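K.L.:
Structure for the following, please:
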Amino acid sequence: MTSALKRQSNRKNARLSTGPKTAEGRRKSSQNARRHGLSAAPPATEILHHLRLILGDPVATPETAAQTPRGAAALQLATAEARLTHAQRHAAEIVARETPHTLAYEIDLVRGELEDLDYLFNIEGQISGRKLLRQLTATSARFDERDRRAARRHLQDAHAGRRKALKRFLELDQFHKTKPN
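P.N.:
Numbers count the residues shown, from 1 in each chain. Here you go, the predicted model:
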């Protein structure tokens with residue numbers, strides 16, 4: 001049982017944790033899910049493609065499939081397959097991607113300046129240039145790691161969704177096959 005002091009503390013913290021307060025903050029946070037589209041519903045054409053493969057029916061539609069428990073499970077599985085396909089594509093892009101060209105260009109530019117003979121004996125400039133170089137390199141690595149973690153998380157979620165949908169479909173499919181006509 002939660003103590004009265006703990007409940008009071010929880011309520012106080014909840015009042016403070018209400019999300020962004022400014023219009024700018026709200027606008028910014030409203031765009032969080034738009035970066036990669038992995039949270040969005042998969043394209044209907046991909047779902048339809050997977051649905052027809054799963055049911056073995058070249059003319060199956062989501063509307064007709066949803067009318068039976070087996071068809072609804074097939075539709076869930078098709079949606080999960082489409083999400084997984086999208087997450088796999090996104091993860092492959094993240095792995096193949098290099099540092100953004102503008103950031104790589106900035107890093108090369110600072111390196112070139114630091115190696116320039118006219119600049120070599122400017123100690124203050126060298127220190128600030130090296131500091132900028134470290135910051136640019138760290139920023140690049142941080143963005144790459146953040147994107148990799150997000151891609152990995154979405155991929156794991158997609159795999160889990162497919163496992164769950166597949167299990168449900170196989171249960172209904174087995175029941176459908178053993179049910180007397």
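
K.L.:
any weak-confidence spans in this structure?
P.N.:
For the chain, applying pLDDT under 70 flags the ranges 32-36, 97-111, 113-129, 137-144, 176-181.

K.L.:
contacting residues for residue 171?
P.N.:
Residues near residue 171 by C-beta atoms under 8 Å, 6 or more residues apart in numbering: residue 73. For the C-beta atoms, the positions are set from N, CA and C on the backbone; glycine is no exception.

K.L.:
and it, how far is that from residue 77?
P.N.:
From residue 171 over to residue 77 the distance is 12 Å, taken as C-beta to C-beta, to the nearest Å.

K.L.:
Please apply the same query to residue 147.
P.N.:
28 Å.

K.L.:
Settle it for me: which of those two has more neighbours?
P.N.:
Using other C-beta atoms under 10 Å as the criterion, residue 147 and residue 77 rank with residue 77 on top: 26 against 18.

K.L.:
And that one, how close does it get to residue 2?
P.N.:
Counting by C-beta to C-beta, the gap from residue 77 to residue 2 is 41 Å.

K.L.:
where's the residue nearest to residue 38 when sequence neighbours are not counted, which helix or strand?
P.N.:
Distances taken as C-beta to C-beta, 6 or more residues apart in numbering put residue 154 closest to residue 38, at 4.4 Å, once the chain neighbours are dropped. Secondary structure from DSSP states H and E places residue 154 in helix 123-178.

K.L.:
likewise residue 48?
P.N.:
Judged by DSSP H and E, residue 48 forms part of helix 44-55.

K.L.:
mind listing what's buried in the next helix or strand after that helix?
P.N.:
Following helix 44-55 in sequence order, the next helix or strand is helix 62-65 (DSSP H and E). For helix 62-65, the neighbour count (16 or more other C-beta atoms under 10 Å) marks 62, 65 as buried.
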